[in-house]
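**Q** Fold the following.
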Amino acid sequence: MQKPAEVHVFMWLADLFKERGWANPHLVHLETGISAAELLQLLEINRDLVEVVFVNHRAGPVEGTRIRPGDRVALVPPGVPGPHRALLGFKNT
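**A** Down below sits the predicted model:
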């Protein structure tokens, strides 16, 4: 059996997970790789609530980022302050 993807969330997305009774990180069992956009649909998270997706510590846009079983994923909402954006590696997105 494949290892589940770990989905970590921050700020108000963490509140959303808490409201749903989900752990943070939330484990998502995937049969195959999916796009970050498909992950958001699977989790019923509005696309507008996620600015950047980290997969295994690498930042990328929701569009075009792939997630595979066993990946560590972080969903970052819009509104992260400027200095933190630079430290996280997505200052210019």
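**Q** So what does the residue nearest the centre of the chain have for phi and psi?
**A** With distances taken as C-alpha atoms, centre = their mean, residue 75 lies nearest the centre of the chain, 2.6 Å away. When quoted as degrees, to the nearest 10, the phi and psi of residue 75 stand at phi -100, psi 120.
**Q** and if you look at residue 27?
**A** phi -90, psi 130.
**Q** What's the local residue count around the spatially closest residue to it that is not a sequence neighbour?
**A** Of all residues not flanking residue 27 in the chain, residue 4 sits nearest, at 4.1 Å (C-beta to C-beta, 6 or more residues apart in numbering). Bear in mind the C-beta positions are built from the backbone N, C-alpha and C, glycine included. Residues lying near residue 4 (other C-beta atoms under 10 Å) number 15.
**Q** what secondary structure does residue 16 sit in?
**A** Here residue 16 is helix, with the state taken from DSSP: H, G, I helix; E, B strand; the rest coil.
**Q** quick revisit: wait, doesn't the residue nearest to the centre of the chain sit right on residue 11?
**A** No: when contacts are counted by C-beta atoms under 8 Å, residue 75 is not listed as touching residue 11 (9.8 Å).
**Q** I'd like to know how many residues surround residue 17.
**A** Residues within reach of residue 17, counting by other C-beta under 10 Å, total 20.
**Q** circling back: need the contact list for the residue nearest to residue 27.
**A** Listed by C-beta atoms under 8 Å, 6 or more residues apart in numbering, the contact set of residue 4 reads 27-30, 69-70.
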